[in-house]
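In: Only the shape, not the letters, is given here:
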């Protein structure tokens, strides 16, 4: 039996007073899934400013050293 068939079987045996609760739960799951997918897709093509929202703020006193490391180890761009 497929998962969908099992869900339908369970829904058919639910007392009527629980049907609305089950419907709300399924809608909540769908909304949560859609939001997660949307967040994954929104990261593509984001600007550095957008990504900082997820990265947080710099903490520490070694930003100059870190930036120098990035500069020293970056690869030349080839066209």
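Out: That came through fine. Owing to the predicted nature of the structure, the values given are computational and were not obtained by experimental measurement. Residues are numbered from 1 along each chain as shown.

In: Next, count neighbours for residue 11.
Out: Residue neighbour count, defined by other CB atoms under 10 Å, stands at 13 for residue 11. In this view, the C-beta of every residue, glycine as well, is placed from N, C-alpha and C.

In: From residue 25, how far off is it?
Out: As judged by CB to CB, to the nearest Å, residue 11 and residue 25 stand 11 Å apart.

In: joint contacts of those two?
Out: By CB atoms under 8 Å, 6 or more residues apart in numbering, residue 11 and residue 25 have no common neighbours.

In: pLDDT weak spots in the chain?
Out: Applying pLDDT under 70 to the chain flags residues 39-46, 50-51, 53-54, 56-58.

In: Just the helices from it, written as ranges.
Out: Counting by DSSP state H, one finds helices in the chain at the ranges 3-12, 16-42, 48-55, 63-73.

In: need the contact list for residue 74.
Out: With contacts defined as CB under 8 Å, 6+ apart, residue 74 has no neighbours.

In: any idea how far it lies from residue 16?
Out: In this structure, residue 74 lies at 65 Å from residue 16, with CB to CB as the measure.

In: Equivalent analysis for residue 3, please.
Out: Where residue 16 is concerned, residue 3 sits at a distance of 24 Å (CB to CB).

In: center of the protein, which residue is that?
Out: Centroid check for the chain by CA atoms, centre = their mean gives residue 36 as the closest residue, at 3.7 Å.

In: residues in contact with that residue?
Out: Residue 36 touches nothing, counting by CB under 8 Å, 6+ apart.

In: let's have the chain start at 28 instead
Out: Will do, 28 is the new start, and the previous item becomes residue 63.

In: now it: how far from residue 56?
Out: Between residue 63 and residue 56 the distance, using CB to CB, works out to 11 Å.

In: Residue 103 too?
Out: With CB to CB as the criterion, residue 103 and residue 56 are 48 Å apart.

In: With neighbour numbers in mind, choose between these two.
Out: Relative neighbour count places residue 56 above the other of residue 103 and residue 56, with 10 against 4, counting by other CB under 10 Å.

In: quick one: the closest residue to residue 41 other than its chain neighbours and residue 75, what's the gap?
Out: Once flanking residues are discounted, residue 41 sits nearest to residue 49: 6.0 Å by CB to CB, 6 or more residues apart in numbering. Summarising the geometry, the distance separating residue 49 from residue 75, computed by CB to CB, is 44 Å.
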